[in-house]
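J.: 3D model of this:
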Amino acid sequence: MAQHANDKRVTLQQVADDAGVSKSAASFALTGRTDQRISQVTIARVKAAANKLGYHPNLAAKTLRTGTSDTVALVSDFVATTSVANEMVAGVLNELRVHSKFLYTVDTEGRPKAEKHLIQTLLDRQVDGVLYASMFTREIPVSAISDLSNITGQMPLVLLNCLSSHPTKISAVVPDEYNAGRMAADVLIKAGHGQRIGFMGQFPPEVTGGVQWHGWHPWALEQRLLGIRDRLAESNFKLMKIYESDEWDVRSGRAVARKLLASKEDLPSAIICVNDSMAFGLMQILQLNGFSVPRDISLISFDGSEWAKACIPSLTTICLPQREMGRSAVRLMLSQKSGVTKHVPMPLSVGGTVARPSSR
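T.: You can find the predicted model right below:
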């Protein structure tokens with residue numbers, strides 16, 4: 001690539017001079033304008049000159065000229081700064097790359113004032129659209145949705161891994177949690193556990209959500225439970241037992257397991273865990289107390305996280321389609337369709353934790 005005196009930026013005029021065309025013709029050739037009569041030979045000559053000289057367009061000038069910046073903002077609570085859901089960011093980046101667009105990403109850590117300031121700052125940079133993402137699937141209060149709409153105005157806006165608590169014109173992309181719940185129940189029914197299935201991960205009545213995540217209520221919980229119950233009811237079964245927990249982590253899984261074993265209650269032959277990390281904790285305590293998984297108790301969970309792979313045997317789990325959700329959110333934003341809620345299917349990952357019930 002050519003070097004120029006003082007490493008000054010190559011100008012469009014230099015490209016035009018090298019190609020032997022006017023500056024406006026060079027601009028039309030490089031921006032793909034089809035409403036001007038410029039031959040393919042001329043376009044090829046201009047592009048060759050741009051490559052030879054190392055020309056890069058002035059994006060600020062392009063934004064002023066076209067009103068678009070080819071940039072998109074991803075505003076999230078904890079998505080980018082935790083390892084829990086950052087596959088969504090990868091999906092967003094993958095799809096934007098297809099459309100030659102770039103990404104700004106910021107985390108607000110759930111602070112409303114910071115959220116408003118960051119969104120306004122990104123809009124001041126003339127982004128072409130906003131993706132508003134949540135680390136875990138939850139409903140956004142109507143007041144927060146109203147604030148978002150007021151800030152972004154006519155800007156394309158899509159909710160990613162969250163949705164409004166009331167009907168809205170804002171489009172959203174979420175995992176298909178209801179059918180994931182049905183799938184979990186179906187796997188266990190087909191393995192012969194229909195009459196003795198437990199569920200672990202329901203919050204007590206006084207708890208709306210995990211403390212570390214501001215007590216936000218996870219929409220996924222009610223959808224998974226609804227799917228589980230509906231599928232069981234179709235086969236004339238119902239949940240044998242629901243085990244409550246105030247968090248959804250490994251420690252909580254261990255705590256529930258200890259309570260379960262200390263109660264001397266009749267154990268279910270299979271347990272559906274609300275996520276992989278709770279299943280990991282449950283499985284540890286069961287195995288330490290002489291229970292074999294899946295010979296004595298079968299386990300199935302949700303998320304498809306690293307915890308599922310860390311278990312021995314590996315967990316059968318229903319995976320969050322985070323990368324595909326990210327891609328879908330970009331496509332929905334670029335389509336500028338409003339009021340669409342896309343439910344992305346959650347695939348089953350078969351591990352070694354489901355078997356037919358033992359005769360114990």
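J.: So which residues of the stretch 151-300 of the chain form strands?
T.: Here the stretch 151-300 of the chain has its strands, by DSSP state E, counting those that start in this stretch, at 157-164, 171-175, 197-202, 241-244, 270-273, 298-303.
J.: can you pull out the helices in this structure?
T.: In the chain, the segments counted as helices under DSSP state H are 12-19, 23-31, 40-53, 59-66, 87-98, 112-124, 142-152, 177-190, 219-234, 250-262, 276-288, 306-310, 322-335.
J.: so how far is Phe28 from the residue with the largest distance to the centre of the chain?
T.: Here the chain has its C-alpha centre computed as a mean, and the residue farthest from that point, by C-alpha atoms, centre = their mean, is Gly20 with 49.3 Å. In this structure, Gly20 and Phe28 are 15 Å apart, going by C-beta to C-beta, to the nearest Å. Just so you know, the C-beta spots here come from the backbone N, C-alpha and C atoms, and that holds for glycine as well.
J.: Same question for Ser301.
T.: Between Ser301 and Phe28 the computed distance is 56 Å (C-beta to C-beta).
J.: Same drill for the two, tell me which one is more crowded.
T.: Counting neighbours by other C-beta atoms under 10 Å for Ser301 and for Phe28 shows that Ser301 has the greater number, 32 against 20.
J.: That one bridge partners, please.
T.: Under the criterion DSSP bridges, Ser301 forms beta bridges with Thr317.
J.: so what's the residue farthest from the centre of the chain up against?
T.: Listed by C-beta atoms under 8 Å, 6 or more residues apart in numbering, the contact set of Gly20 reads Arg45.
J.: would you put the C-alpha positions of the lengthiest strand in the chain in CSV?
T.: Longest strand in the chain by number of residues, with DSSP state E as the criterion: strand 130-140. What follows is strand 130-140 as a C-alpha-only set of coordinates in CSV (Å, rounded to 0.1, in the frame of the first residue of the first chain):
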residue,chain,number,x,y,z
VAL,A,130,-30.4,0.4,19.3
LEU,A,131,-30.5,-3.1,20.7
TYR,A,132,-31.6,-3.2,24.3
ALA,A,133,-30.4,-6.4,25.9
SER,A,134,-30.9,-8.2,29.2
MET,A,135,-28.5,-10.8,30.7
PHE,A,136,-31.4,-13.1,31.6
THR,A,137,-34.8,-13.2,30.0
ARG,A,138,-37.1,-10.9,31.9
GLU,A,139,-40.0,-8.5,31.4
ILE,A,140,-39.2,-4.7,31.3
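J.: Next, the angle helix 142-152 makes with it.
T.: Angle of strand 130-140 versus helix 142-152, following axes from the mean of the first three to the mean of the last three C-alpha atoms, to 10 degrees, is 170 degrees.
J.: can you give me the mean pLDDT across strand 130-140?
T.: This predicted structure assigns strand 130-140 an average pLDDT of 87.
J.: Then stretch 18-35?
T.: Taken as a whole, stretch 18-35 has an average pLDDT of 77.
J.: same deal with stretch 271-290?
T.: Mean pLDDT, computed over stretch 271-290, is 96.
J.: What are the buried residues along it?
T.: For stretch 271-290, the neighbour count (16 or more other C-beta atoms under 10 Å) marks 271-283, 285-286 as buried.
J.: for those, which one is nearest Pro175?
T.: Compare each of the buried residues of stretch 271-290 with Pro175 using C-beta to C-beta and the shortest gap goes to Asn275, at 12.5 Å.
J.: Quick check: the nearest residue to the closest one once chain neighbours are set aside vs Ala50, distance?
T.: By the measure of C-beta to C-beta, 6 or more residues apart in numbering, the closest residue to Asn275 outside its immediate chain neighbours is Asp303, 4.8 Å from it. Counting by C-beta to C-beta, the gap from Asp303 to Ala50 is 47 Å.
J.: Those two: who's more crowded?
T.: For Asp303 and Ala50, the more surrounded residue by other C-beta under 10 Å is Asp303, and the numbers stand at 29 against 22.
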